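> quick check, what structure comes out for this input:
(one chain, ligands or ions: 1)
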Amino acid sequence: MLVHMAVSKSAGTLRDLQLALQLKIEELRQRDALIDELELELDTKDDVIRQLQLEMDRHRRPSQNPPTAAERASTAAVQNPPAPDEPQRTKRQAISAEPSALDPSQLSDVTLTSYCKSKESSELIQRALMDNDFMKHLEQGQILTIMDCMSPTSLAKGCCVIQEGDDGSTVYVLEEGKVEVSKQGKTICSIGPGKVFGELAILYNCTRTATVTALTDIKLWAIDRQGFQTIMMRTGLIKLSQYTDFLRSVPSLQSLPEDVLSKLADVLEETHYSEGDYIIRQGATGDTFFIISEGQVKVSQQNAAGDELLVEKSLSKGDWFGEQALEG
Ligand code: CMP
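Residues are numbered from 1 along each chain as shown. The predicted model follows:
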């Protein structure tokens, strides 16, 4: 596992590296401020759209109750999918699970259990999470942890997996078979393998927005509300302090002041590579600075003939590379 940050041009000494990092932090802070302003503006526009949708719904269904927030979310996601070429807004905080569901002080009490699964199942779950409109913006680490904590379950044809109006406690990924989604007795759609369902009640802390029934015998992966919300919150709250601790443990960064370390921690992103993956290719333009937090990295260079790879050195936890991107 690696943590990395994009860097700008500067000289290659440690002092210059620190200076370049501080400049980068300032640049990121300014960008953050701009993004915050734009998000605020977009939120205001979202509110107006929601008001107008409510207004339209009222005119369409004068005798019925107005839909709940989650119903609107699910309807909007299904009825108004963004056009393929329409730029989509990626909110930095993708999920707004209501804090009342899990007290942050309980976070350390919750034990996450991981369940063995085949490579195919792991990949199916990851793809399903990344394909879901409400979960696709989760960080890779969160997706991997959710996948890891999902447990297997099977149900027979005809079983009701989710009942509309119930309190929801589980998010599912369908691995085998088919389910039907219905609202107020009317079929909305059917869902096949590789799809997430049951996420709305957990993400929005509302009751189940639809009924889900097994059309065939089905095999599911499931994670409960507490596990799911723990992963969401832990990643946000604890990651920052873990990253700061990690940076403090890197000998070359120990001289940085605490506030610089925590700002650096704020802009770090975790990336996972499998054994044998290339991280940087010789000759490619570099704009990323990496610090190894787990595992080993081999640095090699192509010879003049361009046909042989010479092993130069091996790097491990706390070592960094990609710093030459600082030199442009
Ligand atoms: P949840 O509300 O937790 O439980 C019912 C699930 O059905 C819901 O989450 C979604 O995963 C799914 N669902 C709700 N509305 C629709 C819809 N219009 N189309 C497809 N799936 C839906």
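
> what's the spacing between K195 and the ligand?
Distance check for K195 against the ligand: by CB to the nearest ligand atom, to the nearest Å, it reads 9 Å. Where you see a C-beta, it was placed from the backbone N, CA and C, and this is true even at glycine.

> what number of residues lie near that residue?
Using other CB atoms under 10 Å, the number of residues around K195 comes to 17.

> for it, which non-adjacent residue is closest in space?
Nearest in space to K195, with sequence neighbours left out and distances taken as CB to CB, 6 or more residues apart in numbering, is L174 at 5.4 Å.

> and that neighbour, how far from the ligand?
10 Å.

> which SSE is that residue in?
Taking DSSP states H and E as the criterion, L174 maps to strand 170-176.

> could I get the buried residue list for that strand?
T170, V171, Y172, V173, L174, E175 (16 or more other CB atoms under 10 Å).

> CSV for those residues, including pLDDT?
Output for the buried residues of strand 170-176, formatted as CSV (pLDDT from 0 to 100):
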residue, pLDDT
T170, 96
V171, 97
Y172, 98
V173, 98
L174, 98
E175, 98
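
> closest to I280 among these?
Comparing the buried residues of strand 170-176 against I280 with CB to CB places V173 closest, at 33.6 Å.

> for the closest one, list each beta-bridge partner.
V196, W221 (DSSP bridges).

> re earlier: how distant is the strand holding L174 from the center of its chain?
In terms of CA atoms, centre = their mean, to the nearest Å, the centre of strand 170-176 is found 18 Å from the chain centre.

> got the contact list for that strand?
With contact meaning CB atoms under 8 Å, 6 or more residues apart in numbering, strand 170-176 is reached by 121, 124-125, 128-129, 150, 161, 191-199, 202, 217-225, 228.

> for stretch 181-188, which positions count as buried?
Those would be V181, I188, for stretch 181-188 by 16+ other CB under 10 Å.

> start at 24, not 1
Sure thing, new numbering starts at 24, so read that last one as stretch 204-211.

> on that earlier part again, ok, the residue nearest to K218 to L178 distance?
10 Å (CB to CB, to the nearest Å).

> mutual contacts of these two, please.
I241, L243.

> end to end, how far does stretch 191-211 reach?
One end of stretch 191-211 sits 19 Å from the other (CA to CA, to the nearest Å).

> of the contacts of strand 193-199, buried ones?
144, 147-148, 151-152, 173, 184, 214, 218-222, 225, 241, 243-246, 248, 251.

> in helices only, show me those.
Mapping these onto helices (DSSP state H) picks out S144, L147, I148, A151, L152, I225, R248, F251.
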